[in-house]
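# here's my sequence, what's the structure:
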Amino acid sequence: MNTGPKNLAEPLPDKGVLEHLVSARLVRAAFQPIVNCQSGETTGFEALARPTSGSGVPDPGVLFDMAEKYRMLWPVEAVTRATAFACVEGFPNGILLFVNSTPEVFCHERFVETVEADVKAVPGLTPSRIVLEITERGGADDLARIAHQATRLRALGFQIAIDDVGAGTSGLNRIMTLRPHWLKLDRELVSGIDQDRYKLNLIRFLVHFARLAGVNVIGEGVERTEEMLTLINLGVRYVQGYLTGRPAFDYQLVDPQISRTMRQSWSQAESARLIDPRRTQLSRICEPPEKVQAATPIRDLALGVLRSPGHVGAAVLDGTRLVGWVSRETVLSAARRTDAKLAVGFICTSDLGTLPPSATLSEAMEHVASREGASIADPVLVAEHDRIVGVVTLQKLLGACSREGRIDADLPAGLTGLPSKVDGEKRVKAIIKAQNAAQPSVDGPAKFAGLAAPLSAAFIDVRGFADFNGACGYDAGDRLIQELAELSRATLLDAHHPAAVPTAGPAADPTAGDPTAGDNHAELSKVFVAHIGDDRFMVTAPAEIILARWPALAAGFERLTAAEPANESTTGKPEQLFLAGTATHAANAEPPTPVASAGARLGLRLVLLDGVFARVSSPRELTELEAGVRRAARAAEGPSAPRCLLHVDRSEPLRASA
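Numbering: from 1, shown residues only. Down below sits the predicted model:
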């Protein structure tokens, strides 16, 4: 974090004051938390220098202005860095320490050796816990020299961050040259982002780049809840600012309410990101890795590697936090040429980056392709909540890509056979186009020719699906989604409700052909169901039809996921569950074997956006609106809520309130 603007209002104290501060170490370290939005927990702290009251230096800005003026950046940073390192002993395992360094000091010929010695001087501290932030303060900014130093530090296990991205010289050229582990978005980019679409689009671009490159993004200067929620919706995983914690001299926990809001918002944002179900995710192919603590002596790990010829390497952890990877070759080489008592944390590779379990094979290939040198052969590290989930070897990744390429040709409809996310977006665009072309009604919103009511959109998701996947496995989750897709066909589509199909225009099978159907209003008016990713489905139809068919869908879900047959008095008649014409179940067939008997409490949620196509102008607007409504719905759902929940939104048109 930038130490602030130069203080030019008053003359600076003389050089002797600064020399006394350095020699007497009259400085303390304050720590501001950096919080993981997915887990709601503290990932690390940024160390911020604070002159003591008797030092003669009024504030940190003056301290570093003096250091620059008197050419004393090296000794000032040395004392502030050592002070911060000494405090890490009191932090829990796995907590990172972010330490600022000016380009001038970072480029100094003795910097790498000095920082390594500072770490070794603190018992139990390893480079894997230190993130070196390159700031903009100071005159030197020799990118080639900085990149050389960064490469040496990464080889020792340190992580590199670029501070104030989006301001001054912290631009794309610096990012491409330094290949950092962390990008810290400048506070000017973050401030008011919920009200500025230019800032929003710029950060969206940076987040997309960072995901493919395996780089972590931190939003700095977050002071308002709206800013935090906007960053979460964009996929920014980490935040720092007064909202989550002010700088303090002691270890501090995140406010429980803010932590809860983070976790809920991240979960909602993840489910709102439409993922093509035809794409294989890394969670399906990753394998449990060998693990080793960063403080383990190299000698101990080398002995284990020698005993196991198939040992390809290990994920290096600090407590439960993943800090890097060490290959078999690196371990054996280090055991021969370095002090075998040295900790593994000093030789691990920390710049491989990680991908989430939801990342696709194509994203993983992009990630591997961005690596350099020998690291291209190292496995892809799959992590969530800063914890290792598994690894994917290059051989397994290539095999999975080959299989997916063959499967795509045979299974264009993916897991469920329903239209996909792409088809759903086409449908939405066609409806909006037809809506704009329709003539306004005297007594209400625009209507299509041959329709008795305007179209609405509904989004269906399974409550507790992530927990179910964790308890029962992804294969069981796939079976549940397939059953739900069959149930949706049986209870929602017009093919099973011929009386509800509008008579205007030619009849057509709603599950066949182009789902957008061009400008055919009669075709657009039919019930359309798409599987838009994971446990999420989208429905377009008149609101009255969706509301009329919801009870049968809810009753079917109750029966599908219950260990015992559902109670007819509360869920409807069992014979309504799988109606005639479905591919799997007959009208009076016995209920299927329940797939949710592992203790996970599953539920079904339908969010109906009544008349929404009069309020949006693009699929993205529809997705953002639905995410907000679902966020509010989830916040209102208590532990005693029914298993199947219907939320109806009839907000005023967005265009009218813009």
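
# and the pLDDT at Ser55?
Listed pLDDT for Ser55 reads 91.

# nope, Leu48 is what I meant
Looking at Leu48, its pLDDT reads 95.

# is it part of a helix or strand, or is it coil?
Here Leu48 is recorded as strand under DSSP: H, G, I helix; E, B strand; the rest coil.

# list the contacts for it?
Neighbouring residues of Leu48 by C-beta atoms under 8 Å, 6 or more residues apart in numbering: Met1, Ala29, Ala30, Phe31, Gln32, Pro60, Pro247. Any C-beta I mention is one placed from the backbone N, CA and C, and that applies to glycine too.

# that one bridge partners, please.
Ala30 (DSSP bridges).

# please report how far the closest residue to Arg387 other than its chain neighbours lies from Asp386.
Distances taken as C-beta to C-beta, 6 or more residues apart in numbering place Thr320 nearest to Arg387, at 5.3 Å, with adjacent residues excluded. The spacing between Thr320 and Asp386, counted by C-beta to C-beta, to the nearest Å, is 8 Å.

# returning to what we had before: nearest to Glu626 among the contacts of Leu48?
Gln32 (34.7 Å; C-beta to C-beta).

# which residues do Thr320 and Asp386 both contact?
Residues touching both Thr320 and Asp386 by C-beta under 8 Å, 6+ apart: Gly94.

# ok, the residue nearest to Arg387 - contacts?
Thr320 touches Asn93, Gly94, Asp386, Arg387, counting by C-beta under 8 Å, 6+ apart.

# lowest-confidence one in those?
Minimum pLDDT across the contacts of Thr320 falls on Asp386, with 79.

# show me what the closest residue to that one other than its chain neighbours is bridged to.
In this structure, Asp386 finds its nearest non-sequential neighbour in Arg321, 4.9 Å apart by C-beta to C-beta, 6+ apart. Counting by DSSP bridges, Arg321 forms beta bridges with Asp318.

# next, count neighbours for Arg321.
Here the count is done by other C-beta atoms under 10 Å, and Arg321 has 22 residues near it.

# is it true that it touches Pro92?
No: using C-beta atoms under 8 Å, Arg321 is not in contact with Pro92; the gap is 9.8 Å.

# and the gap between Val391 and Leu352?
From Val391 to Leu352 the distance is 10 Å (C-beta to C-beta).

# tell me, what's touching the two both at once?
With C-beta under 8 Å, 6+ apart as the test, Val391 and Leu352 both reach Trp325, Val380, Leu381.

# how about the second one, what does it touch?
Spelled out, it's Val380. Neighbour list for Val380: Leu282, Cys286, Leu352, Leu355, Ala364, His367, Val368, Val391, Val392, Leu394, Leu397 [criterion: C-beta under 8 Å, 6+ apart].

# mind giving me the packing neighbours of the host helix or strand of Ile232?
Element membership of Ile232, judged by DSSP states H and E, is helix 225-234. Helix 225-234 sits against helix 197-213, strand 216-219, helix 256-272, with contacts defined as 3 or more C-beta pairs under 8 Å, 6 or more residues apart in numbering; DSSP states H and E.

# using TSV, please lay out the ones you listed together with mean neighbour count and mean pLDDT.
Formatted as TSV, the helices and strands packed on helix 225-234 follow (neighbours: other C-beta atoms under 10 Å; pLDDT from 0 to 100):
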stretch	mean neighbour count	mean pLDDT
helix 197-213	16	87
strand 216-219	26	95
helix 256-272	18	86
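
# compare these and give me the one nearest Val119.
Using C-beta to C-beta, the helices and strands packed on helix 225-234 put strand 216-219 closest to Val119, at 20.8 Å.

# the closest one: partners in the sheet, and parallel or antiparallel?
strand 182-185 (parallel), strand 238-239 (parallel).

# can you list contacts of the last one?
To tie it back to what came earlier, the one meant is strand 238-239. 34-37, 43, 216-220, 222, 228, 231.

# winner for burial among the strands paired with strand 216-219?
Stretch with highest mean neighbour count among the strands paired with strand 216-219: strand 182-185 (a mean of 27; mean count of other C-beta atoms under 10 Å).

# so for it, mean pLDDT?
94.

# how about stretch 416-428?
Mean predicted confidence for stretch 416-428 is 88.

# buried residues in that stretch?
For stretch 416-428, burial by neighbour count (16 or more other C-beta atoms under 10 Å) applies to Thr416, Leu418, Pro419, Ser420, Lys421, Asp423, Gly424, Glu425, Lys426, Arg427, Val428.

# next one: that stretch to chain centre, how far?
24 Å (C-alpha atoms, centre = their mean, to the nearest Å).

# what comes up buried for stretch 186-196?
Asp186, Arg187, Leu189, Val190, Ser191, Ile193, Asp194.

# what's the fourth one in contact with, if anything?
Yep, that's Val190 we're talking about. Counting by C-beta under 8 Å, 6+ apart, Val190 has contacts Lys199, Gly219, Glu220, Gly221, Val222, Glu227, Leu231, Gly241.

# ok, the closest residue to Leu143 other than its chain neighbours - how many residues close by?
Nearest non-adjacent residue to Leu143, counting by C-beta to C-beta, 6+ apart: Thr177, 4.9 Å away. Counted with other C-beta under 10 Å, residues neighbouring Thr177 total 13.

# quick check: phi and psi at Leu645.
phi -120, psi 140 (degrees, to the nearest 10).

# identify the bridge partners of it.
Arg605.

# that one contacts Arg605, correct?
Yes: Leu645 is within contact range of Arg605, at 5.0 Å (criterion: C-beta under 8 Å).

# which stretches in the stretch 251-400 of the chain count as helices?
256-272, 298-307, 328-337, 361-369, 394-410 (DSSP state H, counting those that start in this stretch).

# next one: the stretch 101-250 of the chain
103-106, 111-120, 143-155, 172-178, 187-190, 197-213, 225-234.

# quick one: which of the ones you listed is nearest Arg336?
helix 143-155 (16.9 Å).

# neighbours of Arg620, just the number please.
12.

# could you do Val236 as well?
Close neighbours of Val236, defined as other C-beta under 10 Å, add up to 26.

# contacts only, for it.
By C-beta under 8 Å, 6+ apart, the contact set of Val236 is Cys37, Leu185, Ile203, Val207, Val217, Ile218, Gly219.

# could I get the phi/psi values of it?
For Val236, the backbone dihedrals (degrees, to the nearest 10) come out as phi -70, psi 120.

# returning to that earlier point: from the contacts of Thr320, list just the buried residues.
For the contacts of Thr320, a burial check counting by 16+ other C-beta under 10 Å picks out Gly94, Asp386.

# from the contacts of Thr320, which land in strands?
Counted as lying in strands by DSSP state E, out of the contacts of Thr320, are Arg387.

# any idea how far stretch 475-485 is from the middle of the chain?
24 Å.

# mind listing what's buried along it?
Ala476, Gly477, Asp478, Arg479, Leu480, Ile481, Gln482, Glu483, Leu484, Ala485.

# just for the stretch 201-350 of the chain, where's the confidence low?
271-279, 338 (pLDDT under 70).

# rerun that using 80 as the cut-off
Scanning the stretch 201-350 of the chain for pLDDT under 80 picks out the ranges 270-280, 310, 337-341, 350.
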